[in-house]
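Colleague: What shape does this take:
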Amino acid sequence: MVNVTVSMSEETAKRLRRVVKEVYGSRKGALSSLVEGAVREALARETVRGRTSFKAIRDGKVLATAEDLEELAKELRSQGIAPRGIRIESSQPLRPVVRAGARSRVV
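Modeller: As a prediction, the model looks like this:
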């Protein structure tokens, strides 16, 4: 175990201690357990955030997943699934393309 010192507002610290006491009681290590769990969740989200993945969905069922659209198209072709009528979702929002006349630019 390693000790880490963090700073937070007094109001946040009071709320944190109150929640820890309500959820875990006053057992030894309760605050550390809650904080470690929250940090692990934040780190897991950050790890996933760096990668984009795409899902092909029809009628609420995931048909295929891939890390890029070309790979997703290949997977759908290999399964013999036509792309019409399929919703494709991205794990991250895509940057919009601004179109003005014959030119386009990425914002």
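Colleague: residue ranges of the helices in the chain, please?
Modeller: Ranges of helices in the chain, per DSSP state H, are 10-24, 30-49, 69-78.
Colleague: what's the burial count for residue 86?
Modeller: By other Cβ atoms under 10 Å, 16 other residues sit near residue 86. The way it works is simple: take the backbone N, C-alpha and C, and place the C-beta from them, glycine included.
Colleague: Next: the one 4 residues further on.
Modeller: Neighbour count of residue 90, defined by other Cβ under 10 Å: 11.
Colleague: mind checking how far it is from residue 97?
Modeller: Between residue 90 and residue 97 the distance is 14 Å, computed by Cβ to Cβ, to the nearest Å.
Colleague: next one: residue 58
Modeller: Taking Cβ to Cβ, one finds residue 58 at 26 Å from residue 97.
Colleague: Enumerate the positions of stretch 58-65 that are buried.
Modeller: For stretch 58-65, a neighbour-count test (16 or more other Cβ atoms under 10 Å) marks 63-64 as buried.
Colleague: could you dump that stretch to CSV, C-alpha only?
Modeller: The C-alpha trace of stretch 58-65 is given here as CSV (Å, rounded to 0.1, in the frame of the first residue of the first chain):
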residue,chain,number,x,y,z
ARG,A,58,-30.3,-3.9,-35.8
ASP,A,59,-33.4,-4.2,-33.7
GLY,A,60,-31.4,-3.6,-30.5
LYS,A,61,-29.0,-6.4,-31.2
VAL,A,62,-25.3,-5.8,-31.8
LEU,A,63,-24.4,-7.6,-35.0
ALA,A,64,-20.7,-6.6,-35.2
THR,A,65,-18.1,-4.5,-33.5
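Colleague: Other residues contacting that stretch?
Modeller: 53-57, 72, 75-76, 79, 81, 85-87 (Cβ atoms under 8 Å, 6 or more residues apart in numbering).
Colleague: Buried subset of the residues you listed, written for ChimeraX?
Modeller: Buried residues among those (16+ other Cβ under 10 Å), as a ChimeraX selection:
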select :54,55,56,72,75,76,86
